[in-house]
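**Q** Build me a structure from this.
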Amino acid sequence: MNIYVIMKRTFDTEEKIQLENGQISEDGAEFIINPYDEYAIEEAIQLRDEHGGEVTLVTVGDEEAEKQLRTGLAMGGDKAVLIEDEDVEDGDTYSTERILAGYFADKEVDMILGGNVAVDGGSGQVGPRLAERLGMVHVTSVVSVSVDGTTVSIEKDVEGDQEFIELQLPVLLTAQQGLNEPRYPSLPGIMKAKKKPLEELDLDDLDLDEDDVGGKTERVEIYLPPPKAAGKILEGEVDEQVTELVSLLKNEAKVI
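**A** Model (predicted):
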């Protein structure tokens, strides 16, 4: 199977995020593979090990994304592709999808896997947009995948319930939490990753120019959520606490 994983370099949302001049400050920020993309990488490796073939990791970004690609290779990917987008003005999900479509235009693909969303943007648009442009069947929020010949059986999360779907290859799938348990790169895997092929491309290599992939959206403002207020401890008898709680929920929190 020719399996591709589209992945993204994101900042670690578990770390403190700081804004500077209306932008997220990258100074001191920790960057990682988008966590949902790790599920996609793990599933691709498992499918390759079961059915044979090759896993190619693909990302759109700057040269700093090589580190995350090498991490994916250390997990077990076979090769990687970095498509540089430094010349793209105001890049957005449309830009990423358009660049990826240019890359996949001449590729023989059995399956494309990606994360359901990116933790920095959360739009969940790149996978479905790419599938639409490539004319591929796609399923999002996947929590189980099995392949039998050219038939793909999928379990999809639908907000508290499950949907079971059967499709034919090729397909594009986006991974939801629970699909698997991503492995940690081993020391031998890290050493092997240094020698695995990593191809670097730019827009010219894909016969694209800047006007083709310019962003379609405008970012109006970035701001941090307001700090949480201190909690309150209710005192008195139980009935008094209930009365005060209802009053607080109605008059201060305004949730009832």
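**Q** quick one: the helices in the stretch 101-250 of the chain?
**A** Counting by DSSP state H, counting those that start in this stretch, the segments of the stretch 101-250 of the chain that form helices are 126-134, 187-193, 210-213, 238-251.
**Q** buried sites along the longest one?
**A** Neighbour counts over helix 238-251 (16 or more other Cβ atoms under 10 Å) mark no residue as buried. All C-beta spots, glycine's among them, are computed from the backbone N, C-alpha and C.
**Q** again, but for stretch 103-121
**A** For stretch 103-121, the neighbour count (16+ other Cβ under 10 Å) marks 103-104, 109-120 as buried.
**Q** can you check stretch 179-192 too?
**A** 179-180, 182, 185, 189.
**Q** Show me where this structure has its strands.
**A** 2-6, 9-11, 19-20, 23-24, 31-33, 54-61, 79-84, 111-115, 137-148, 151-157, 162-168, 171-175, 198-201 (DSSP state E).
**Q** Count the residues that sit near residue 176.
**A** Look at residue 176: counted by other Cβ atoms under 10 Å, it has 19 neighbours.
**Q** pLDDT score assigned to it?
**A** For residue 176, the model assigns a pLDDT of 95.
**Q** Count the residues that sit near the residue nearest to it when sequence neighbours are not counted.
**A** Leaving out its chain neighbours, the residue that sits closest to residue 176 by Cβ to Cβ, 6 or more residues apart in numbering is residue 141, at 4.3 Å. The criterion is other Cβ under 10 Å. On that basis, residue 141 has 22 neighbouring residues.
**Q** quick one: contacts for residue 141?
**A** Contact partners of residue 141, counting by Cβ atoms under 8 Å, 6 or more residues apart in numbering, are 116, 156-158, 174, 176.
**Q** Report the two of the residues you listed separated the most.
**A** The span of these, defined through Cβ to Cβ, is set by 158 and 174 at 13.6 Å.
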